[in-house]
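Novice: Okay, sequence plus prediction incoming.
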Amino acid sequence: MRMFIEQGFKGLYYFLTDNSYRSFLYLLLRYGAKKRFQPTKINVAGFNLVVPDVLSFIWQFHEIFYKKSYQFNAKTSTPVIFDCGANVGTSCLFFNREYKKSIIHAFEPDPNVFEALSKNLERNNIDNVQLHNVAVWKEDCTLEFGSDGADSGSISQESNNSSIKVKAVRLKDLIAKEESIDLLKMDIEGAEVDVILDCKDVLNKIDHIFIEYHSYHNSAQNIDKIISILHENGFRYYLENEASRKIPFVNQKGKYEMDMQVNIFGYK
């Protein structure tokens, strides 16, 4: 009975005590039924924003501001943050609010999403973010990029009719130039394995790392390679399942053709 009461009143508790939870509920009520992929102006949590897709933004806000998935204990007042896959800037706004004097490098390859990112930082007077309209990759080159107009665009080495060409930079080289990095956040929609494999010799410079791992049912699963590299570099890790499947032995493809999506948190 006690557990039933605790679970039943948990939402009410958060509503009464957590501003970010109330803001999340406001977004759901105000914009939850809005059609996707329509540019929308939003005022929430003290921010004045323009987003290309409301639904994806709502769940970004839930993950970043309510769950505080990217919060960490900074060792200095000026932590260095690499935000790979910055999207419309939700994470940059959170970092700026939590770490006022942080030095943020934001990487976003999608030109339309990058435009929204730039505008959102400007509209909210954020001046500690260095913007890079590029994809992070294992070499400096030009790649094909498939844009979905929101937060699921991905790079590919194969061209198709809906892809565009984007500039890519080798993340390893950028990390190597830094004395240390307080947080490396990597949400790069399927490119994470290649990039982490290439960066394995410089991850000793990283204090905290977040990797959103994607496993597509028709491709090899390589999460073990990521975990092994983190272990070799002295990280402990926490895994959070983001794509649960009912009847997993039968439902093997999962949602969006992904049989696994896992948030990996590494820390020392």
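Specialist: That came through fine.
Novice: With adjacent residues omitted, what lies nearest to the residue nearest the centre of the chain?
Specialist: The residue lying closest to the centre of the chain (CA atoms, centre = their mean) is D187, at 4.1 Å. Excluding the flanking residues, the one nearest D187 by CB to CB, 6 or more residues apart in numbering is G85, at 3.7 Å. For the C-beta atoms, the positions are set from N, CA and C on the backbone; glycine is no exception.
Novice: Please apply the same query to I126.
Specialist: N96 (5.1 Å).
Novice: any idea which helix or strand comes after the helix or strand containing the one you found?
Specialist: Counting by DSSP states H and E, the element that carries N96 is helix 90-98. Next along the chain after helix 90-98, taking DSSP H and E as the criterion, comes strand 103-107.
Novice: Give the next helix or strand downstream of that next one.
Specialist: Under the assignment DSSP H and E, the closest C-terminal helix or strand after strand 103-107 is helix 111-123.
Novice: For that following helix, name the packing helices and strands.
Specialist: strand 47-51, helix 90-98, strand 129-132 (3 or more CB pairs under 8 Å, 6 or more residues apart in numbering; DSSP states H and E).
Novice: In the second one, which residues are buried?
Specialist: Of the residues in helix 90-98, those buried by neighbour count under the rule 16 or more other CB atoms under 10 Å are T90, S91, C92, L93, F94, F95, N96.
Novice: again with stretch 225-234
Specialist: Those would be I226, I227, I229, L230, N233, for stretch 225-234 by 16+ other CB under 10 Å.
Novice: okay but the second one is in contact with Y237, surely?
Specialist: Pointing back at I227 there. Yes: using CB atoms under 8 Å, I227 makes contact with Y237 at a distance of 6.5 Å.
Novice: what is in contact with those two at once?
Specialist: Common contact partners of I227 and Y237 (CB atoms under 8 Å, 6 or more residues apart in numbering): I264.
Novice: Going by residue numbers, what spans are helices in this protein?
Specialist: Remark: helices assigned in the chain by DSSP state H are 2-8, 10-17, 19-31, 54-61, 90-98, 111-123, 171-176, 192-199, 223-232.
Novice: will you turn those helices into JSON lines that also has distance to K41?
Specialist: Output for the helices of the chain, formatted as JSON lines (distance: least, CB to CB, whole Å):
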{"stretch": "helix 2-8", "distance to K41": "36"}
{"stretch": "helix 10-17", "distance to K41": "25"}
{"stretch": "helix 19-31", "distance to K41": "11"}
{"stretch": "helix 54-61", "distance to K41": "10"}
{"stretch": "helix 90-98", "distance to K41": "15"}
{"stretch": "helix 111-123", "distance to K41": "10"}
{"stretch": "helix 171-176", "distance to K41": "33"}
{"stretch": "helix 192-199", "distance to K41": "32"}
{"stretch": "helix 223-232", "distance to K41": "38"}
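Novice: As JSON lines, the ones you listed with mean pLDDT and distance to T40 would be great.
Specialist: What follows is the helices of the chain, written out as JSON lines (pLDDT from 0 to 100; distance: least, CB to CB, whole Å):
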{"stretch": "helix 2-8", "mean pLDDT": "51", "distance to T40": "33"}
{"stretch": "helix 10-17", "mean pLDDT": "79", "distance to T40": "24"}
{"stretch": "helix 19-31", "mean pLDDT": "94", "distance to T40": "7"}
{"stretch": "helix 54-61", "mean pLDDT": "95", "distance to T40": "5"}
{"stretch": "helix 90-98", "mean pLDDT": "98", "distance to T40": "14"}
{"stretch": "helix 111-123", "mean pLDDT": "96", "distance to T40": "10"}
{"stretch": "helix 171-176", "mean pLDDT": "98", "distance to T40": "32"}
{"stretch": "helix 192-199", "mean pLDDT": "97", "distance to T40": "29"}
{"stretch": "helix 223-232", "mean pLDDT": "98", "distance to T40": "35"}
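Novice: Okay then, goodbye and thanks.
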